[in-house]
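Q: pasting the sequence and the predicted coordinates here, then a few questions.
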Amino acid sequence: MIKKKKIPEASIPTASMADIAFLLLLFFLVATVIDVDTGLGLTLPEIVEDQVEVKVDPNRMAAVLVNENGDVLINGQVVPVFQIKDMLKSRIASKNDLPKNKKMIVSLKTDRKTIYNVYIAALDQIKLAYFEVRDEYSNGKYGKKYSDLNEEQQADVKEVVPIIISIAEPEAVKK
């Protein structure tokens, strides 16, 4: 009798499959960059032990209010978010002629339910207004943009056009 030869079945060796899977997992864990939100870069004031209440002249204040719908009011006038900069620039620039302690203060106040993106956009517009006034002042005095000035000249411009933004505590939402 003739014996039939058995044909070996094709098979894939799986003994090292777990090792390969763990190596791939380790590779992707190490090689992946995780984007971490860093938040807002705000410089908070230092703690003052003896606080003194100071009355601020209403002419030195610009009140920017943002409600929960994203509507922006500047001194009672409704404006779109992208026009905050244009509304504030002239007021900030006109206060440069006053003494050092009489600079413009911009107060930003929101509702507790205000959309975060609208709040950030409003804050960016306020900062842009200050930056553009600084650039205009430095162009007039030194003939250069603020960023192109040396440290001493930048300190001079900062003294004349300080960025004073008051972020007011949001009011509680009444139900």
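A: Alright, I've got the coordinates.

Q: quick one: which helix or strand includes residue 25?
A: Residue 25 is part of helix 17-31 when elements are defined by DSSP states H and E.

Q: buried ones in that helix?
A: By neighbour count on 16 or more other CB atoms under 10 Å, the buried set for helix 17-31 is empty. (C-beta placed from N, C-alpha, C; glycine too.)

Q: and residue 144, what does it touch?
A: Residue 144 makes contact with residue 138, according to CB atoms under 8 Å, 6 or more residues apart in numbering.

Q: that one belongs to a strand?
A: No: counting by DSSP: H, G, I helix; E, B strand; the rest coil, residue 144 is not found in a strand; it is coil.

Q: mind checking how far it is from residue 154?
A: Between residue 144 and residue 154 the computed distance is 10 Å (CB to CB, to the nearest Å).

Q: one more: residue 112?
A: 37 Å.

Q: ok, now residue 63?
A: Applying CB to CB, the value for residue 63 to residue 154 is 29 Å.

Q: I'd like the average pLDDT over the strand or helix carrying residue 138.
A: Assigned by DSSP H and E, residue 138 falls within helix 116-142. For helix 116-142, mean pLDDT is 90.

Q: can you check stretch 39-53 too?
A: 77.

Q: and that stretch, how far from the chain's centre?
A: Relative to its parent chain, stretch 39-53 has a centroid offset of 18 Å by CA atoms, centre = their mean, to the nearest Å.

Q: and the helix or strand immediately after the helix holding residue 138 in the chain, which residues are buried?
A: Downstream of helix 116-142, the next assigned helix or strand under DSSP H and E is helix 151-160. Going by neighbour count (16+ other CB under 10 Å), the buried part of helix 151-160 is 154, 156-157, 160.

Q: what mean pLDDT does helix 151-160 get?
A: 88.

Q: list the helices and strands that helix packs on?
A: Applying 3 or more CB pairs under 8 Å, 6 or more residues apart in numbering; DSSP states H and E, we find helix 151-160 packed against helix 116-142.

Q: tell me the angle the helix it packs on makes with helix 151-160.
A: Using axes from the mean of the first three to the mean of the last three CA atoms, to 10 degrees, the inter-axis angle of helix 116-142 relative to helix 151-160 is 120 degrees.

Q: just to be sure, residue 39 is in a strand?
A: No: Residue 39: not assigned to a strand; according to three-state DSSP it is coil.

Q: any idea how far it is from residue 66?
A: Separation of residue 39 from residue 66 (CB to CB): 19 Å.

Q: ditto for residue 48
A: Residue 48 sits 28 Å away from residue 66 when distances are taken as CB to CB.

Q: what's the answer for residue 24, then?
A: 48 Å.

Q: can you list the strands that the helix or strand containing residue 106 pairs with?
A: Take DSSP H and E as the rule and residue 106 turns out to sit in strand 105-110. The strands beside strand 105-110 in its sheet (DSSP bridges) come out as strand 61-66 (parallel), strand 165-167 (parallel).

Q: I am finished for the moment; much appreciated.
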